Structure formats: structure tokens, C-alpha cells
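J.: Return a 3D structure for these sequence lines:
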Amino acid sequence: DGDRISLFDGNSRNRKFTAVLDKGDAHKAAFSGKVTRTAAKYRAVYPYSSSNSLQNDLLYVSLPATQNALAGTFANECAIAVAEGTDRLQFKNVCAFVSFTLGEGQVSSVQLNATGSNGSALGGSAAVKFSSGEPSVTVTSPQHSVTLSGILRKGSVYYFTVFPGSYKDATLVFRNSSGKTVTIPVPQSSFTAGRLQNIYLGTFDVNYNPQPSSTVSGTVKYEDGASAAGVSVSDGFRTTVTDGDGNYSLDICQDTWYIYISLPSDAAVLKNNDGRPDFFKKYETTRSRYDFTLSRITPETEFALFAL
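T.: All right, here's what the predicted structure looks like:
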């Protein structure tokens, strides 16, 4: 009751229709509103937003960058669905989902970061087109992170709502009410999320004050053997940088999952044997050395900014 949709009656005007529950059947509701004419085809978007629009037969929608954290489900305002038809509208979901379970730790927000491939983006604005009765999404204004905000509880599953696409280099940034953060690269760092598909990332324990448990070391070099100096190396809790010879030493914490590096401007990530990007390595208690190899590229010095 009170849910709203955007209805377009053949032109670009966004008309608000509001749901009223059927008094005799709580599972039914009727949407009421006004249209100015009989249209050859109607199009609609759930939920209503003043930013929803229709241009050249394309529906333009936006996915919130900050979403409510609800245990066991996703936020209704993020469940974008679209419909088109003449005398009947059947809504079809547009988005995909990425979920995880919170193990230990007090969390007030968690941010999912990932790089989209082939124009994919976790959030932002997108154009939706119907093809053979099914919606397809083209991101027009990308955002490469989405955040769940609220009090997240131990043992519960939480869902990010994202646009469908292929993603890589995924990380989760957990934050508590005091502002402390922990960044954890997800084991499934590359994934493809289809429409209505749920990608489950696993269970994550969060410790904001870990104690050092051991020391790891290694070298960061380029493929030609040259040392990579000044590269940041981290376990998600502490960070160090490589010296002039590309060597580093890092005191790691008992809750460490991965050792990973940041990329200098003149380097690209190589792929390991299973095709995943090799900017992080899974920490093993029986292993103390972690070396990284980079591919040298020409640094980009010119950038173009397009504003729509």
C-alpha cells in the first residue's frame, strides 16, 4: 500500500501512479493516477522516482549508490522493474544481486567496489530497452561502488543491488560507527552477474583492531626484472611500501586473508594461471614470502571528461 510507479503514456512526461491495497485481498493492489490520452504503448518503472524518464523509446533509471542494509533481503527502493504494453503491464526486474554473510564484527556500513568490464558498472544511471519482451541495460553514468548502510548483524545475509554485468578486482570495505575501516579483497574477485542472478561472496569476519601475528616479505618487480619502488603492499589492516630494490616487509594480522598491492601509474596487472588478476595472493600460515610481477605500460597523461 502506497507503492508508486512512473507511467509514461507515449510521451516523456513522468506520471505518478500510487498503489491502494484491495480491502478484500491483501495480496492485490490497484495503481491509480491520471493519463491525458490513450497511448499505443505504455511504459512504466517501479519504484517511482522523479528522475525516471522516457526518451526515444528508452527508459532511463538510476540505482541508488547508498542502499538500506536489510537482513535477508534487498531494499525495495533498489528493486528496479520495468514494463511495457498496451492494455496490460507485466513488470520485469532489471538488476542483479551480490550478497555476503557477516560473521564477526560490528558494522554500520559496507561498500562493494569493483571494476566493470565492457561498460558494466555496479550503479549509477542506465538506459533500459525492451528486446523480444525482455529488458536490457546500458549504463550511461557509471558508479563503480555501492554501499549498504545500517546496523548489520552477525550471522545475517545482506544484499547489494547492482546492474547486471561482468566485474573484477572486487573488494569490500567495512566501516564501524567510530569510522574505522577494514578493506577485504573478496575471494571471488571476478564475477558475472546476470539479471535476477545472486552472486554470493561468502562469510566475512571483521576485526578493526587486529594484532600482528607474523611477518611476510617479498619483492615487486616488472616483467623485465626491474625493481618496482614505492609500491604499496597491504594485508587490509596495515600498509607498507617497497624500497628502492622493490623489497618489502609487512607485519600482518591474525585475521589476514590476502596480501595485495596497489598499482603504480606505469603498470598493469598480470593474470595468474586460472585467469584471475594477480594483484593479490591468498595468505597461508605456512608461507611467509609473496612476490608480485607487474607489466610495464606507458602512463596515461591525458584524459577526456564527458558530462551528460
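J.: check contacts around the closest residue to Ala75 other than its chain neighbours.
T.: Spatial nearest neighbour of Ala75, excluding adjacent residues (Cβ to Cβ, 6 or more residues apart in numbering): Asn68 at 4.1 Å. In this view, the C-beta of every residue, glycine as well, is placed from N, C-alpha and C. Taking Cβ atoms under 8 Å, 6 or more residues apart in numbering, we find Asn68 in contact with Ala75, Glu77, Leu148, Ser149, Gly150.
J.: ok, Asp274 to Gly202 distance?
T.: From Asp274 across to Gly202, the span is 17 Å (Cβ to Cβ, to the nearest Å).
J.: Between these two, tell me which one has more neighbours.
T.: Gly202 (11 against 7; other Cβ atoms under 10 Å).
J.: what's near enough to touch the more buried one?
T.: Applying Cβ under 8 Å, 6+ apart, the residues near Gly202 are Phe100, Thr101, Val186, Pro187, Gln188.
J.: gap between it and Asp245?
T.: From Gly202 to Asp245 the distance is 36 Å (Cβ to Cβ).
J.: what's the answer for Val45, then?
T.: For Val45 relative to Asp245 (Cβ to Cβ), the value is 57 Å.
J.: Those two: which is more packed in?
T.: Val45 (25 against 12).
J.: doesn't Ile80 make contact with that one?
T.: Yes. The pair Val45 and Ile80 qualifies as a contact (Cβ atoms under 8 Å) at a distance of 7.0 Å.
J.: So Thr161 sits against Phe74, correct?
T.: Yes. Using Cβ under 8 Å, Thr161 makes contact with Phe74 at a distance of 5.0 Å.
J.: State the phi and psi torsions of the spatially closest residue to Gly33 that is not a sequence neighbour.
T.: Nearest residue to Gly33, sequence neighbours excluded (Cβ to Cβ, 6+ apart): Phe17, at 3.5 Å. Dihedral pair for Phe17: phi -120, psi 130, per degrees, to the nearest 10.
J.: Is Phe17 in contact with Ile5, as I believe?
T.: Yes. With contact defined as Cβ under 8 Å, Phe17 and Ile5 form a contacting pair (5.1 Å).
J.: Overlap in contacts, those two.
T.: Phe31, Ala44, Tyr48.
J.: Name all residues that make contact with the second one.
T.: By Cβ under 8 Å, 6+ apart, the contact list for Ala44 reads Ile5, Ser6, Leu7, Phe8, Phe17, Val82, Ala83, Glu84, Leu89, Phe91.
J.: I'd like the distance between it and Asp9.
T.: Applying Cβ to Cβ, the value for Ala44 to Asp9 is 10 Å.
J.: So which bits of the helix or strand of the chain with the lowest mean pLDDT are buried?
T.: When each helix and strand of the chain is scored by mean pLDDT, DSSP states H and E, strand 25-32 comes last, with a mean of 76. Neighbour counts using 16 or more other Cβ atoms under 10 Å place Phe31 of strand 25-32 among the buried residues.
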